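Asks: Model the structure of this input:
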Amino acid sequence: MQRREFITLLGGAAVSWPLASGAEQAAMPVIGVLGAVAPERLTERWRSFRQGLKEAGYVEGENVAIEYRWAENQLDRLPALAADLVQKQVAVIFATGGTAPVIAAKTATSTMPIVFTIPEDPVELGLAASLSRPGGNLTGVNFLVGELVPKRLEILHELVPAMTRVAVLVNPANPARAETQVREAESAARAMGLKVQSLRAGSGREINAVFETFQRERPDALFVSPDPYFVVRRAQIVTLAARHAIPTSFSVREPVEAGGLMSYGTDLSDVYRQAGVYIARILKGAKPADLPIVQTTKFELVINAQTALMLGLTVPPTLLSIADEIIE
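Replies: Now for the predicted structure:
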């Protein structure tokens, strides 16, 4: 099935979380996690991942161990981290946090099973022969991002009807994704008669600098690209957006729970749960080549009504009726 049919979203040092010890650990299969950013502020997703494992009978520390490797937004460190997991001969690698961890894992091994979560088309990227039969050592969950940009921008415009210029925040640490996101936003904005201002930030200091520019050239709203780093930095972004009274749109719910205005995108907790289920199936003997790549169909719209009130915005009844959650 093609992606368009669905249209009508941690390593610094090689750090491991607590594992079982001694002979008990040695007897367990080991999952190697390769991620773009640290998980501390993505707890709901990882809870869902463990739930997916549990559904198939695996519990971390009881009958499966997990080795974690996080790139801490320094994506050039991913190849070494992936090679370390391969050297440790883990049973399966879970590559998550964008395309870069998946590419690093694929480069590191052509035989070890890899399960991914990825926003781009894995067939176009050469990661799989087809969605139904990947054919190699990779499979996983493919979720929509770019295809949802027009809908996200449309919802933001409904919330901010006076909007004529929108700033798009992207992460330069992931240049390919950043360029694609800007193009997608510009294309959707042109169709709506909106102007786009591209802004780049890959550190806390750079995020501060972005908001300082608003004192000179203020956009009507901020469109935050679906990058894991911005979810980790959501408290900073939401705080600065409130200080500057900038309506802000995200692709995932966590920043809206922290005080952002709205989010629309793939339910990533469900994505992580499905990844956990697939990893469990591989631990039980399934081959990645035979596991169809899952394409997500579960999306959610979350609006923070309290933030809208503080910004002097009225949430239209049409959005109230279709939102999956209204945060009061």
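Asks: In the stretch 201-328 of the chain, what residue spans correspond to strands?
Replies: 221-224, 248-250, 262-266, 294-295, 299-304, 325-327 (DSSP state E, counting those that start in this stretch).
Asks: Sort out which residues of the second one are buried, please.
Replies: For strand 248-250, the neighbour count (16 or more other Cβ atoms under 10 Å) marks 248-250 as buried. From N, CA and C alone the C-beta is placed, and that goes for glycine too.
Asks: and it, which strands flank it?
Replies: Using DSSP bridges, strand 248-250 pairs in its sheet with strand 221-224 (parallel), strand 262-266 (parallel).
Asks: Any chance you could list what contacts it?
Replies: Defining contact as Cβ atoms under 8 Å, 6 or more residues apart in numbering, one finds that strand 248-250 is touched by 152-153, 155-156, 221-224, 226, 230-231, 234, 237-238, 241, 255-256, 260-265.
Asks: let's see it at 6 Å
Replies: Strand 248-250 is contacted by residues 152, 156, 222-224, 241, 260-263 when judged by Cβ atoms under 6 Å, 6 or more residues apart in numbering.
Asks: Low-confidence stretches in this protein?
Replies: Low-confidence segments of the chain (pLDDT under 70): 1-26, 39-41.
Asks: Convert stretch 242-255 to PDB, retaining C-alpha atoms only.
Replies: Only the C-alpha atoms of stretch 242-255 are listed here, as PDB (Å, rounded to 0.1, in the frame of the first residue of the first chain):
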ATOM      1  CA  ALA A 242       4.600  32.200  25.700                       C
ATOM      2  CA  ARG A 243       7.000  35.100  26.500                       C
ATOM      3  CA  HIS A 244       6.800  36.400  22.900                       C
ATOM      4  CA  ALA A 245       3.100  35.500  22.600                       C
ATOM      5  CA  ILE A 246       3.800  33.400  19.500                       C
ATOM      6  CA  PRO A 247       1.200  30.800  18.500                       C
ATOM      7  CA  THR A 248       3.100  27.500  18.000                       C
ATOM      8  CA  SER A 249       2.300  24.400  16.100                       C
ATOM      9  CA  PHE A 250       4.000  21.000  16.800                       C
ATOM     10  CA  SER A 251       3.700  17.500  15.200                       C
ATOM     11  CA  VAL A 252       3.400  15.700  18.500                       C
ATOM     12  CA  ARG A 253       1.400  16.100  21.700                       C
ATOM     13  CA  GLU A 254       4.100  16.500  24.300                       C
ATOM     14  CA  PRO A 255       4.900  20.200  23.700                       C
END
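Asks: Cool, thanks, signing off.
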